[in-house]
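Colleague: What shape does this take:
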Amino acid sequence: MWATAVGVARVRALETERENALFRDPLAQAFAAAGGLWPSSSPLPYDEAARRRRQAVSFSVVIRTRFLDDLLREASASGVRQVVLLGAGMDSRAFRMDWPEGTRLFEVDTAAPLDFKASVLRRERAVARCERITVAVDLREDWPGALAAAGHDPAVPTAWIAEGLLIYLPEDAVELLLARIGARSAAGSRLGLTLGSRGVIERFGADAAPGSAASMWISEMPDDPVGWLAGHGWEAAGHTLRERAAAYGRPITTPPRAEELPGGLVSAVRRRSAPVFGGTTPPVVTG
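Modeller: Modelled structure (predicted):
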């Protein structure tokens, strides 16, 4: 699944080349090239419907990237100095964003993408703008233990990012992930999530090519994302892609769909600390 992260890097590289780019990611092109997706990906048979779906997915990547960039800037401004990227993939925020002194950024992912990423970073002689710590662990395993061993401190606020991740997880794994995050979140922690909008799997996954990102989507957002996160101890605000795109000067001109409910892009704040698990972790989801 991690290879889809290279496709995301290609989208970010294309956005970076725009004159009015919503963000600049100087490393994205290097990641895409190393993965064989730059300057272009393999040609696909022409299919107008498929082309529109790919265009829509790429657009969503651009908007969500800007949304989470803004969330992290706001978290830093509030005094948060710990950042955890879950399923980090080819995320280069440690290198492309300005961070206050003392910021520690943890990238959690399996060894394969982290090793691939490390080889590109060495070639590019990239230098992180904060203390960057990689944590090689599968999110189906005891990642909280691995994160703690890497130096994460649950007693101080953390900005958690799960970008383009939850849509690949079954519902029980999503619930476990949120419980584990909450158990390690001090008051003042921030949370940024991207959720699959209602109906997205039916629209994009039904005839998706085997091995494509959409073919692996299995989870859509709950009917009430804000209420769902309140149950996990978070005060959340949900936004549609359309709303954020308009705010960023990239309005969507097609008519809204009935299933475009608020919540696809979520920011949340932890108002009180949760007890930290002492020496044990919740049961691990397998499969």
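Colleague: From what I see, residue 60 and residue 240 are in contact.
Modeller: No. At 10.8 Å, residue 60 does not count as touching residue 240 under the criterion of Cβ atoms under 8 Å. Heads up, the C-betas are built off the backbone N, CA and C, glycines and all.
Colleague: Quick check on the two: which one has the bigger neighbour count.
Modeller: Ranked by neighbour count (other Cβ atoms under 10 Å), residue 60 and residue 240 place residue 60 first, with 21 against 18.
Colleague: Please work out which residues outside stretch 125-135 touch it.
Modeller: 27, 83, 88, 92, 94-99, 103-109, 114, 118, 143, 146-147, 150-151 (Cβ atoms under 8 Å, 6 or more residues apart in numbering).
Colleague: Could you give the number of residues near the residue nearest to residue 153 when sequence neighbours are not counted?
Modeller: Closest residue in space to residue 153, ignoring its immediate chain neighbours: residue 82 at 6.7 Å, by Cβ to Cβ, 6 or more residues apart in numbering. Close neighbours of residue 82, defined as other Cβ under 10 Å, add up to 23.
Colleague: Next, residue 82: phi, psi?
Modeller: Backbone torsions of residue 82, given as degrees, to the nearest 10, read phi -120, psi 130.
Colleague: That one and residue 3, how far apart?
Modeller: According to Cβ to Cβ, to the nearest Å, residue 82 stands 29 Å off from residue 3.
Colleague: Same question for residue 101.
Modeller: Distance, residue 101 to residue 3, using Cβ to Cβ: 35 Å.
Colleague: who has more neighbours, the two?
Modeller: Applying other Cβ under 10 Å to residue 101 and residue 3 shows that residue 3 carries more neighbours, namely 15 against 7.
Colleague: Sweet, I'm off.
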